[in-house]
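Student: A predicted structure for the sequence below; I have some questions about it.
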Amino acid sequence: MTIEGVKWFFERVAEYSFSAFASWSSFTAAIGKIAGTLTDVESGLAWPYLVASLLIAGVVFVALNRGDALPPSSFHAFLFPRHIYHHPSAVLDYRFYLISIVLKFLLWVPILAGMGTLGYKVMKLVLIGYALWEPPKTLPLAWLFVAVLGFYLLYDFVNYWAHVLFHKVPMLWSFHRVHHSAEVMTPITAYRAHPMEFFFIAILQAPVVGLAGVFYQNLPAHDMQATTIFGMSIVSFVYGLSGFHLQHSHLPISYGPLLNRIIVSPIQHQVHHSIDPRHHNKNFGVKFAVWDALFDTLYVPKAPETIQVGLPGVDPREFSTVCQLYFLPFKKSVKECIGLARKLLPAGLSLERYR
Ligand SMILES: [Zn+2]
Ligand SMILES: [Zn+2]
């Protein structure tokens, strides 16, 4: 890569990073997206998905009540127990979410979209410029559905490996442990994620986004309409109705032996957050569990297990403010870098010499 190439790259990054502030209309558009959190189907908290999760929880409530497995309680008390929803960890999640949602639309989304655009430009250069590939101009409907599902699976496959790396690479774990620091789980806990996670995932996903951009670039928009609903991928919309909010909840819901191997059920993600050593490094899947089944990281409890979530051996006071959630990981990752540098330095040399 030439100096001009590097300069161009950083100029684009700067351009995308501040694009929400480029004009009043782009700023208000970004703020408008915050207002659309409950109505925009691209938002994980859009009302159709919330209603679907509520219905799944309702079915479980009725089934448990019929089997006398529950002490008498109202559906509201079953769904929103005070000791979970008023727990300091949950209150911290709400605070973190309010700050994150503003930063997300003003800063993170433009940067991530920019990374996708860069991915598209690079893939176009490689696939069309060098490999001389001709993207399809038309496809039968069945193939369009296969492509939509294929890209969704590919995206989730990359997310699975990104999640594995977050647990295995100490510097990345410094950031991912913010998510695992939650001591109780509510659907808002899903958003307790450090922004560095988004950037790392966006870098890994850029080639997939770029590949999809090149693949679809010549296909007529009206052909694609059959694979979309409310302007978004039909696969993504159907997944939204799967009750994924319950992954971060106190309800240990299992989808049964077959579905548990296909989609990540609530109990599987709760196991992923568990402090029990038997559950460590299990269930890395984000949406689909097929990757866990394939790479032997799947763990589905065969009998009811008590699951305590959090970070073993960590003082909860380490993550008790929004500032700590944002800034402590940087300190921790620098320490990890210094530790790694110490290990890699040739024998006889030490960092102390250069202080
Ligand atoms: Zn994790
Ligand atoms: Zn989680």
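Tutor: Nice, I can see it. Ligands and ions are numbered 1, 2, ... in the order given.
Student: need the contact list for residue 193.
Tutor: Contacts of residue 193 were listed using CB atoms under 8 Å, 6 or more residues apart in numbering, and they are 178, 179. In short, each C-beta sits where N, CA and C put it, glycine included.
Student: now stretch 229-245: mean pLDDT?
Tutor: Averaged across stretch 229-245, pLDDT comes to 94.
Student: read off the pLDDT value for the residue nearest in space to the middle of the chain.
Tutor: In the chain, the C-alpha nearest the mean C-alpha coordinate belongs to residue 286, at 6.8 Å (CA atoms, centre = their mean). The score at residue 286 is 97. That number is its pLDDT.
Student: looks to me like it is in a helix.
Tutor: No: counting by DSSP: H, G, I helix; E, B strand; the rest coil, residue 286 is not found in a helix; it is coil.
Student: quick one, helices of the stretch 151-300 of the chain?
Tutor: 170-180, 195-216, 221-224, 234-240, 266-272, 290-294 (DSSP state H, counting those that start in this stretch).
Student: what does the shortest one rub up against?
Tutor: In this structure, residues lying in contact with helix 221-224 by CB under 8 Å, 6+ apart are 138, 139, 144, 216.
Student: worst mean pLDDT among the helices of the stretch 151-300 of the chain?
Tutor: Note on those: helix 221-224 shows the lowest mean pLDDT, a mean of 88.
Student: buried residues in that one?
Tutor: residue 223 (16 or more other CB atoms under 10 Å).
Student: then stretch 45-55?
Tutor: 45, 46, 49, 52, 53, 54.
Student: repeat for stretch 111-120
Tutor: Neighbour-count burial for stretch 111-120, counted by 16+ other CB under 10 Å, picks out 111, 112, 114, 115, 116, 117, 118, 119, 120.
Student: which of these fall within helices?
Tutor: 111, 112, 114, 115, 116, 117, 118, 119, 120 (DSSP state H).
Student: from these, which is closest to residue 250?
Tutor: Residue 250 lies nearest to residue 112 out of these, by CB to CB, at 30.9 Å.
Student: from residue 200, how far out is the closest one?
Tutor: 11 Å (CB to CB, to the nearest Å).
Student: sorry, back to before: how about the helices of the stretch 151-300 of the chain in CSV, adding distance to residue 333?
Tutor: Putting these into CSV (distance: least, CB to CB, whole Å) gives the following:
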stretch, distance to residue 333
helix 170-180, 4
helix 195-216, 8
helix 221-224, 41
helix 234-240, 32
helix 266-272, 22
helix 290-294, 26
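Student: thinking again about what came up before, now a ChimeraX select for only the buried ones of the contacts of helix 221-224.
Tutor: This is how ChimeraX selects the buried members of the contacts of helix 221-224, with burial counted by 16+ other CB under 10 Å:
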select :139,144,216
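Student: out of the helices of the stretch 151-300 of the chain, nearest to residue 27?
Tutor: Nearest to residue 27, of the helices of the stretch 151-300 of the chain and by CB to CB, is helix 195-216 at 19.5 Å.
Student: packing partners of that closest one?
Tutor: helix 109-124, helix 141-168, helix 170-180 (3 or more CB pairs under 8 Å, 6 or more residues apart in numbering; DSSP states H and E).
Student: name the residues that touch it?
Tutor: So helix 195-216 is contacted by 100, 103, 108, 111-112, 115-116, 118-124, 127-128, 133, 135-136, 147, 151, 154-155, 158-159, 161-162, 165-166, 172, 175-176, 179, 224, 326, 329 (CB under 8 Å, 6+ apart).
Student: what's the PyMOL line that selects buried ones from these?
Tutor: Buried residues among the contacts of helix 195-216 (16+ other CB under 10 Å), as a PyMOL selection:
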select buried, resi 100+108+111+112+115+116+118+119+120+121+122+123+124+127+147+151+155+158+159+162+165+166+172+175+176+179+326+329
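Student: circling back: any chance of the helices and strands packed on helix 195-216 in TSV, with distance to residue 35 too?
Tutor: TSV is the format used below for these (distance: least, CB to CB, whole Å):
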stretch	distance to residue 35
helix 109-124	14
helix 141-168	27
helix 170-180	26
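Student: nearest to residue 292, out of those?
Tutor: Counting by CB to CB, residue 292 lies closest to helix 141-168 out of those; the figure is 7.6 Å.
Student: who are the packing partners of that closest one?
Tutor: helix 170-180, helix 195-216, helix 234-240, helix 290-294.
Student: for residue 250, which of those is the nearest?
Tutor: Comparing those by CB to CB, helix 170-180 comes nearest, at 16.4 Å.
Student: can I get the closest one in CSV? Just the C-alpha atoms.
Tutor: Only the C-alpha atoms of helix 170-180 are listed here, as CSV (Å, rounded to 0.1, in the frame of the first residue of the first chain):
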residue,chain,number,x,y,z
PRO,A,170,-6.2,-11.2,26.4
MET,A,171,-6.2,-7.7,24.9
LEU,A,172,-9.6,-8.2,23.4
TRP,A,173,-10.9,-9.9,26.5
SER,A,174,-10.1,-6.6,28.4
PHE,A,175,-12.9,-5.1,26.4
HIS,A,176,-15.3,-8.0,26.2
ARG,A,177,-15.2,-8.5,30.0
VAL,A,178,-17.3,-5.3,30.2
HIS,A,179,-20.2,-7.4,28.8
HIS,A,180,-19.5,-10.3,31.1
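Student: what's in contact with it?
Tutor: 163, 165-167, 189, 192-194, 196-197, 200, 273, 309-311, 314, 319, 325, 329-330, 332-333, 336-337, 339-340.
Student: buried ones among those?
Tutor: Buried members of the contacts of helix 170-180, counted by 16+ other CB under 10 Å: 163, 165-167, 189, 192-194, 196-197, 200, 273, 309-311, 319, 325, 329, 332-333, 336.
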